[in-house]
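Asks: the sequence and its predicted three-dimensional model are supplied below.
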Amino acid sequence: MAAIGRGARTGATAWWRLAARPQVRIGQCWRSTRASSSSSGGGPSEASPAPSQPLPPLFDLSSAPGPRPGDAAVLAMSGGVDSSVAALLALQQGLVPRPLFMRNWNELDESGTFEPGAGGATGCTWMKDWEGVQQTCAALGLGRDSAELLDLSKDYWLSVFQPALEAWERGETPNPDVGCNREIKFGALMDRVLPAPAATAPDAFGRRPAKTWLVTGHYARVSWRQADGAWQAQLSRARDRNKDQSYFLSSVSPERLAQAHFPLSDLLKTEVRDIARRYLLPAAEKEESMGLCFVGERPRPADAAAAVRQPLPRNVPPAVSGGAFGAFLASYLTPVPGPILDPAGKQVGTHAGLHSLTVGQRARVPGAPSAWFVARKDAASNAVHVVAGGDHAALYARSLRIERMTWLGPPRTGTLLAQVRHRGDEVACEVLPAGDGVHVCFPTPVLAVAPGQVCALYDGDVCVGSGVIATVQTLQQ
Ligand SMILES: Nc1ncnc2c1ncn2[C@@H]1O[C@H](COP(=O)(O)OP(=O)(O)OP(=O)(O)O)[C@@H](O)[C@H]1O
């Protein structure tokens, strides 16, 4: 034991002495300046390492340029368990914290009747979340007042929610959570709080300049690859496949991903909860957040209410409203009711607006003898076309055209995997070039794919890019 201890200490001291000296780069090797001068006649007292023992680098420049102790970290904290544990892990990694909470939806502005503690007249949640963030900062030892509140509600409305509303009005099925990551968390937030990416070249001493990271509780992985002599960030799936959020991040640019740090990439959700409990974090038992990121409910505007109440044609049953989510959207849109048509073009019901039903969904037409399912929507005629049965050929996509591509590396074609919804299965596909976008062809057809959805493409676990579905060819076409 003693011999091992002595030997280890001796070795460590020697390495420390060598490592403390400035280093210069010689080809791919790193050597101490004194060691190199000794080889050019510096004198026998200057011990140089035996050639059989390569010099361990002081800074591991061969490794990917991920976060290092001393780097700065903007901790994006929602008050939930994931971002609380991500913040804790970032602190344990030696990052210098700047906790931050975003307010992206301000019910207070809309209703003006927020009551502290009561959740507000419309279920205002941001104040409860903000309180949770402050409590978490206290529990982490950062101090309750260390967190910053940043209001991005205008950015969220203009660049995420309004475009999504317009897409719903056109009869598409947008994914605002994908837009939120691209435009808000890794868009407006990064623009506001991160410095422009610094030069990544090491200085004369081999040190990579300090960097600022955006730390979030996303379940996804940033890995690094070298291309054209530079490091590039690539996005991969998280270890926890059930929680994997790479789909939501698939339109964030590689440059933005290169400034992101996801400490939960190797953890299962159950492990995250255990860590939160062990460190007594206030969010340890907090429920999962559900539904649309950031969005609250709003009292129905008078014009929308009037549109829904307008008289329906005689002998047509009440409009199919699309349930709670349809009703929620109806408070932001002016719903325009229209016909539900069977394959023969006969009206079998009335919808409460194109947003109220989505492709593949059962249209619960009151009194209908068959189970009708939505095959497609036509914005020009404001009609919803239905087919009988949930296994109809018109509900299966055999190919898609996707546009507005984000490539997370070089554009790709050939055999890949496609995912068309969060938590949807990944399916084999052939990707063919098609102008600005690509065609995605499925050897095994995929059920219920709607224009407006995001299609993310994967090579194994690596997300290579994504685009928005413009058109769908079904088995019937
Ligand atoms: N209001 C917010 N302010 C700052 N960061 C946020 C906010 N909302 C979400 N984030 C960041 O985005 C990450 C992903 O958010 P999302 O809502 O998809 O996940 P979540 O699993 O509910 O996370 P959490 O448990 O942390 O609430 C969060 O972990 C957090 O880092």
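Replies: Received, thanks.
Asks: confirm that Cys455 sits in a helix.
Replies: No - under DSSP: H, G, I helix; E, B strand; the rest coil, Cys455 sits outside any helix and is assigned strand.
Asks: all numbers from here: first residue = 13
Replies: Yes, from this point I'll number from 13; that puts the last item at Cys467.
Asks: per-residue confidence at it?
Replies: Cys467 carries a pLDDT score of 98 in this model.
Asks: just give the number of residues close to it.
Replies: Cys467 is flanked by 28 other residues according to other C-beta atoms under 10 Å. Backbone N, C-alpha and C define where each C-beta goes, glycine included.
Asks: and what of Leu341?
Replies: 21.
Asks: once you drop chain neighbours, what's closest to Ala270?
Replies: Nearest in space to Ala270, with sequence neighbours left out and distances taken as C-beta to C-beta, 6 or more residues apart in numbering, is Ala245 at 3.9 Å.
Asks: so which residue is dead centre in the protein?
Replies: Of all residues in the chain, the one closest to the mean position by C-alpha atoms, centre = their mean is Leu261, 3.2 Å from it.
Asks: dump the residue contacts of it.
Replies: Asn193, Phe198, His230, Ala232, Leu247, Leu269, Cys475 (C-beta atoms under 8 Å, 6 or more residues apart in numbering).
Asks: can you tell me how far it is from Pro381?
Replies: 45 Å (C-beta to C-beta, to the nearest Å).
Asks: picking up where we left off before, give me the phi and psi for the residue nearest to Ala270.
Replies: Here is the backbone geometry of Ala245 (degrees, to the nearest 10): phi -80, psi 140.
Asks: any regions of the protein where pLDDT drops low?
Replies: For the chain, applying pLDDT under 70 flags the ranges 13-76, 119-136, 209-215, 217-219, 302-334.
Asks: which stretches of the stretch 313-462 of the chain form helices?
Replies: Shown for the stretch 313-462 of the chain, the helices assigned by DSSP state H, counting those that start in this stretch span residues 314-321, 335-342.
Asks: could you do the stretch 163-312 of the chain as well?
Replies: 165-168, 174-181, 188-192, 201-205, 266-269, 281-290.
Asks: how about those helices in a markdown table, adding distance to Pro349?
Replies: Formatted as a markdown table, those follow (distance: least, C-beta to C-beta, whole Å):
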| stretch | distance to Pro349 |
| --- | --- |
| helix 165-168 | 29 |
| helix 174-181 | 13 |
| helix 188-192 | 24 |
| helix 201-205 | 39 |
| helix 266-269 | 41 |
| helix 281-290 | 42 |
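Asks: out of those helices, deepest packed?
Replies: helix 188-192 (a mean of 23; mean count of other C-beta atoms under 10 Å).
Asks: so Cys441 makes contact with Phe454?
Replies: Yes - using C-beta atoms under 8 Å, Cys441 makes contact with Phe454 at a distance of 5.4 Å.
Asks: neighbour count winner among these two?
Replies: Of the pair Cys441 and Phe454, Cys441 is the one with more neighbours under other C-beta under 10 Å, namely 26 against 19.
Asks: which residues touch the residue in the stretch 113-262 of the chain that the ligand sits nearest to?
Replies: With C-beta to the nearest ligand atom, the shortest gap between the stretch 113-262 of the chain and the ligand falls at Gly229, namely 2.6 Å. Each residue near Gly229 by C-beta under 8 Å, 6+ apart is listed here: Ala88, Ser90, Gly92, Val93, Asp94, Ser95, Ser96, Val97, Ala98, Phe274, Pro275, Leu276.
Asks: which positions in the helix or strand hosting Val480 come out as buried?
Replies: Using DSSP states H and E, Val480 falls within strand 474-486. Along strand 474-486, these residues count as buried under the neighbour rule (16 or more other C-beta atoms under 10 Å): Val474, Cys475, Val476, Gly477, Ser478, Gly479, Val480, Ile481, Ala482, Val484, Gln485, Thr486.
Asks: about what we covered before: ramachandran coordinates for the closest residue to the residue of the stretch 113-262 of the chain closest to the ligand other than its chain neighbours?
Replies: Excluding the flanking residues, the one nearest Gly229 by C-beta to C-beta, 6+ apart is Asp94, at 3.0 Å. The phi/psi pair for Asp94 (degrees, to the nearest 10) reads phi -70, psi -50.
Asks: dump the residue contacts of Asp94.
Replies: Applying C-beta under 8 Å, 6+ apart, the residues near Asp94 are Gly229, His230, Tyr231, Leu276, Val284.
Asks: quick one: it and the ligand, what's the gap?
Replies: As defined by C-beta to the nearest ligand atom, to the nearest Å, Asp94 lies at a distance of 3 Å from the ligand.
Asks: surely Val371 meets Val458?
Replies: No - counting by C-beta under 8 Å, Val371 stays clear of Val458, with 11.4 Å between them.
Asks: so what's Arg233 up against?
Replies: Leu247, Ser248, Arg249, Ala250, Arg251, Ser258, Phe274, Ser277, Asp278.
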